[in-house]
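Participant: Structure for the following, please:
(2 chains)
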Amino acid sequence: EPEVTQTPSHQVTQMGQEVILRCVPISNHLYFYWYRQILGQKVEFLVSFYNNEISEKSEIFDDQFSVERPDGSNFTLKIRSTKLEDSAMYFCASSDAGHSGNTIYFGEGSWLTVV
Amino acid sequence: DAKTTQPPSMDCAEGRAANLPCNHSTISGNEYVYWYRQIHSQGPQYIIHGLKNNETNEMASLIITEDRKSSTLILPHATLRDTAVYYCIVRVAGGTSYGKLTFGQGTILTVHP
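Facilitator: Numbering: from 1, shown residues only, chains lettered A, B, ... in the order given. Okay, the predicted model is just below:
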C-alpha cells in the first residue's frame, strides 16, 4: 500500500538553528500538507500546498516556516531559527485531489526536539 | 468548520464490536464525515469516510443518521491493536480549506483482553 514517508524520524536541534523536515508524498498525489502535534495536544493544521503554491496556512505558519517542493518527489518544511516551542511531532500528508471527498493520508511523523 | 462532539473515552472487550459515536449537528449538506485514529504518537491513520450513505471497508463501518447530525464508527471485532484515539472530523467542502482537517480531542478507545 502506498504511503507517505518522512525523514528524519527524530531530530534534536539547538535553539536558533534551522531545520528541514523532508517528506515523500504518495506518488500520484498532487496536494500536500503539513500538520504538527505538540506533546499531549491536538493535531494542528499548518499549511496546504498545490501547484507549487501555498493554498492555505494557519496562523501558526508564520514567517519562520516555509515549504517547498524542490523536485518531483520531495516536499519539505523548513523552520528557521527554531524556538523551544517548536518542539513537536510534524506530520506530512498528501491527497490525490483537493475535493473534500478525497482522502488525506498521513506519514508517521518527524519528532523535532529543540533544546 | 462544523463542530464534532465525541465521548472522551470508551472501553471494549476484545472480540466484541466497538461502537464509537459522534455528534455533528451543524454539518452542511456537502461536508463529509471522516474518521481517523492515532496509535500512540504515530501519524493519524485514515479509517473511513462518508457523505450520506452508510459505508463499509475492511477496517470498519460508518453509520450516518438520516439527518446527518450524528454518526457511529463500528469496529466489528475489536482487537488489542485497535486501542487508539479515534477522531471524528467533518471536512470542509470547497474553497481552499479542503486540506484542513480540524482534529478535536477524540475518543480514547481501550480494548481489554
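Participant: Send over stretch A:11-28 as CSV, restricted to the C-alpha atoms.
Facilitator: C-alpha atoms of stretch A:11-28 as CSV (Å, rounded to 0.1, in the frame of the first residue of the first chain):
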residue,chain,number,x,y,z
GLN,A,11,15.8,15.3,15.2
VAL,A,12,17.3,17.2,18.0
THR,A,13,18.4,20.8,17.3
GLN,A,14,19.7,23.7,19.2
MET,A,15,17.5,26.8,19.6
GLY,A,16,18.1,29.2,16.8
GLN,A,17,19.2,26.6,14.3
GLU,A,18,17.4,25.9,11.0
VAL,A,19,15.7,22.6,10.5
ILE,A,20,14.4,21.0,7.3
LEU,A,21,11.9,18.2,7.5
ARG,A,22,11.5,16.0,4.5
CYS,A,23,8.6,14.1,3.1
VAL,A,24,7.9,11.9,0.1
PRO,A,25,4.2,12.0,-0.6
ILE,A,26,2.3,9.2,-2.3
SER,A,27,3.5,9.2,-5.9
ASN,A,28,0.4,10.2,-7.8
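Participant: which of the residues in it are buried?
Facilitator: A:11, A:13, A:19, A:21, A:23-26 (16 or more other CB atoms under 10 Å in any protein chain shown). For glycine as for every other residue, the C-beta is placed from the backbone atoms N, C-alpha and C.
Participant: who touches the residue lying closest to residue A:48 once chain neighbours are set aside in this structure?
Facilitator: Counting by CB to CB, 6 or more residues apart in numbering or on different chains, residue B:99 is the residue found nearest to residue A:48 once chain neighbours are left out, at 3.5 Å. Taking CB atoms under 8 Å, 6 or more residues apart in numbering or on different chains as the criterion, residue B:99 is in contact with A:31, A:33, A:45, A:48, A:55-56, A:93, A:95, A:98, A:104.
Participant: ok so, going back, how about the buried residues of stretch A:11-28, which pair is most distant?
Facilitator: A:13 and A:26 (27.7 Å; CB to CB).
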